[in-house]
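In: model the following, please.
(one chain, ligands or ions: 3)
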Amino acid sequence: MLRFILNNEGIATDQPSGMTVLDFVRYHKNLKGTKIGCREGDCGACTVLVGELIDGMVRYRSMTSCLMPLANAAGKHIVTIEGINPTDGSLTPVQQAMVDESGTQCGFCTVGFVMSLTGFCLGTPTRSPVSSDQAISSIDGNICRCTGYKSIERAACRIGEQLPVNIAQYIPEYFSDIALRLQGLGSDDSRPETSNLRSLVGGGTDLYVQRHDQMSASDPTPLLYDDRLRSIRNTDEHIEIGGSATVTDLLESPVMHAIFPHLYKHLKLVSSTPIRNMATLAGNFVNASPIGDMTVWFLALDAEIELMPGTQAPSPASQPRTINLKDLYLGYKQLAKQPDEIISKVRFKKPASGFKFNFEKVCKRTYLDIATVNTAISLTYSPPYEGGVAAASADGVVLSYVHVAAGGVAPIPLYLKRTSEFLRGKEITEETIAAANEIIQAEISPISDVRGTEQYKRLLIRQLFRAHFVELFGT
Ligand SMILES: Cc1cc2nc3c(=O)[nH]c(=O)nc-3n(C[C@H](O)[C@H](O)[C@H](O)COP(=O)(O)OP(=O)(O)OC[C@H]3O[C@@H](n4cnc5c(N)ncnc54)[C@H](O)[C@@H]3O)c2cc1C
Ligand code: FES
Ligand code: FES
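Out: Residues are numbered from 1 along each chain as shown. Ligands and ions are numbered 1, 2, ... in the order given. From the prediction side, this is the model:
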């Protein structure tokens, strides 16, 4: 039996835990405010808020309900538009801003925008001023076919200008009891029991696009909210990240910000706010897409992964094993892991002084698109610049440790082994970059497909590799 709170109603259901939250709210609870557009996470018409109890407080994040299994709703507060509508028939400040700025025409997309913006308001700390860009970014996963967006952007800016405010104006009174009610649900009894035959699901953002019907009728093993798989820690030697950490968890992590000064700029290129709120690292690795952004990112950190034994052949002797992420990929979608082995941790060595990292991605659209080609590089160099700030020129800079990875240029997300080895100990010069680029061209094997021809991808990786050095050293 799955237990959660839907708006103001306690739910206990024995529907398949793989059924999407979208289908449950529309067809089992007759809440038709949440719309069905693409069923692929692209349009945002189905956006709901998911409240999770953390340290006695409820944290709300927007998610696309078309990709979210009921299993991930267990123990949570699920909020649809019906759950934020004021009972007296008035409008919330978010709804009012949409009306005042003419942000709605046919109305099909409007609920999704309102839910995303409400999630943004709920997630804004009371003392942080908010920029228009942040408010507009919160609707990066919502598509409108009528308005042309400018009116919706004005509404978002207006909401941003009003923040931070007393959040009670944005939500009905019953929200004040939700933390207590979620505590009452407990965690153990609200999760389905594990069995041997279930597929693993993280956020569901790949699985539900690829096999919606099969997943909906199943009872998958949910990992997104598994406490063992979520922390982001600074250990003595490593940065250690739980396999179920989401892209948003990385974005909000002080540990990650301390290492990656351009974290926000880079991760904004990955999917959209509601998808980042669901998309896990392990899901990205195991999906094994040759263009997986987080996979390329962590390949370039020379990361290793810890695999927990699965449930299908449990044995007391079963121990977690650790492999290098680059060794996970054997061929197109072929992995060096058992189907039921769980990626519990991802680790990379703590950066030494002189560490730099860059990520580049080219796609047909800047945002909410998968890459044609992506690439990441991590390196350390000497002599380190004062304060770690890139100099105007890289003259005299010698690379000591380098790892380069690229996506969209091979059947697997590719660690560029020979290129990385070549660069170690080399001074950064035009000649070094040109020579490394020739090695890259020999290491890759792109194919022509809908995202571009082989020649185009070869050109892209050449340019993007060059861009790493422009970004990092201005050269
Ligand atoms: C609209 C949209 C936009 C997207 N944009 C991007 C993008 O810009 N860049 C990008 O890289 N990807 C993108 N994706 C793909 C997807 O969001 C990512 O690959 C995501 O990281 C997958 O994680 P998940 O938790 O949702 O995986 P799921 O769908 O839950 O699972 C994917 C696979 O991983 C397995 N799995 C999940 N967790 C574990 C675990 N802990 N251990 C072992 N196996 C596990 C599952 O069994 C399944 O085989 C997009 C997807 C959508 C729908
Ligand atoms: S229906 Fe389009 S994102 Fe869910
Ligand atoms: S108002 Fe019609 S799709 Fe947005």
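In: helices or strands next to whichever strand or helix holds residue 418 in the packing?
Out: Of the helices and strands defined by DSSP states H and E, residue 418 is found in helix 417-423. Helix 417-423 is packed against strand 398-407, helix 430-443, with contacts defined by 3 or more C-beta pairs under 8 Å, 6 or more residues apart in numbering; DSSP states H and E. C-beta here means a position set from N, CA and C on the backbone, and glycine is covered the same way.
In: what's the angle between the one helix or strand residue 468 maps to and strand 398-407?
Out: In the assignment (DSSP H and E), residue 468 maps to helix 454-473. Helix 454-473 runs at 140 degrees relative to strand 398-407, counting by axes from the mean of the first three to the mean of the last three C-alpha atoms, to 10 degrees.
In: for helix 454-473, packing partners?
Out: strand 355-362, strand 373-382, strand 398-407, helix 430-443.
In: who's in contact with the shortest one?
Out: Read it as strand 355-362. 259-260, 262, 266, 269, 293, 296-297, 300-301, 351, 371-381, 390, 460, 464, 467-468, 471-472 (C-beta atoms under 8 Å, 6 or more residues apart in numbering).
In: so in that sheet, which strands flank that strand, and in what orientation?
Out: strand 373-382 (antiparallel) (DSSP bridges).
In: can you list the buried residues in the partner strand?
Out: Applying a neighbour-count criterion of 16 or more other C-beta atoms under 10 Å, one finds 373, 374, 375, 376, 377, 378, 379, 380, 381 buried in strand 373-382.
In: next: stretch 39-48.
Out: Here stretch 39-48 shows 39, 41, 42, 43, 44, 45, 46, 47, 48 as buried, counting by 16+ other C-beta under 10 Å.
In: could you work out the most separated pair of these?
Out: Comparing all pairs in the buried residues of stretch 39-48 by C-beta to C-beta, the longest separation belongs to 42 and 48, at 16.0 Å.
In: how is this protein carved up into domains?
Out: Domain segmentation of the chain under automatic domain parsing yields 2-185, 227-310+322-473.
In: residue 9 - how many residues pack around it?
Out: A count of nearby residues for residue 9, using other C-beta atoms under 10 Å, gives 13.
In: contacting residues for it?
Out: Residue 9 neighbours (C-beta under 8 Å, 6+ apart): none.
In: going by distance to residue 340, which of the buried residues of stretch 39-48 wins?
Out: residue 41 (25.3 Å).
In: any idea of the mean pLDDT for the helix holding residue 418?
Out: Averaging pLDDT along helix 417-423 gives 97.
In: to the chain's geometric centre, what's the distance from it?
Out: From the chain centre to the centre of helix 417-423 is a distance of 29 Å (C-alpha atoms, centre = their mean, to the nearest Å).
In: next one: stretch 338-355
Out: 17 Å.
In: now residue 247: how far from residue 18?
Out: 23 Å (C-beta to C-beta, to the nearest Å).
In: the domains of the chain: which one's closest to residue 214?
Out: domain 2-185 (8.3 Å).
In: residue in the stretch 301-450 of the chain nearest to ligand 2?
Out: Nearest residue of the stretch 301-450 of the chain to ligand 2: residue 368, at 10.5 Å (C-beta to the nearest ligand atom).
In: burial of that residue, as a residue count?
Out: Neighbours of residue 368 (other C-beta under 10 Å): 19.
In: ok, back up a step: TSV for the domains of the chain, including distance to ligand 1?
Out: Below are these laid out as TSV (distance: least, C-beta to the nearest ligand atom, whole Å):
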stretch	distance to ligand 1
domain 2-185	3
domain 227-310+322-473	2
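In: how about these, which one is nearest residue 208?
Out: So among the domains of the chain, domain 2-185 is nearest, using C-beta to C-beta, at 4.1 Å.
In: right, is the closest one up against ligand 2?
Out: Yes - judged by C-beta under 6 Å from any ligand atom, domain 2-185 comes into contact with ligand 2 through 36, 37, 38, 39, 41, 42, 43, 44, 45, 46, 64, 66.
In: among those, which are in strands?
Out: Under the assignment DSSP state E, the residues of domain 2-185 next to ligand 2 contribute residue 64 to strands.
In: am I right that residue 97 falls within a strand?
Out: No - assigned with DSSP: H, G, I helix; E, B strand; the rest coil, residue 97 falls outside any strand and is helix.
In: can you tell me which residues contact it?
Out: 103, 117, 155, 156, 158, 159, 162.
In: report pLDDT for it.
Out: 96.
In: next: residue 393.
Out: 58.
In: thanks a lot, see you next time.
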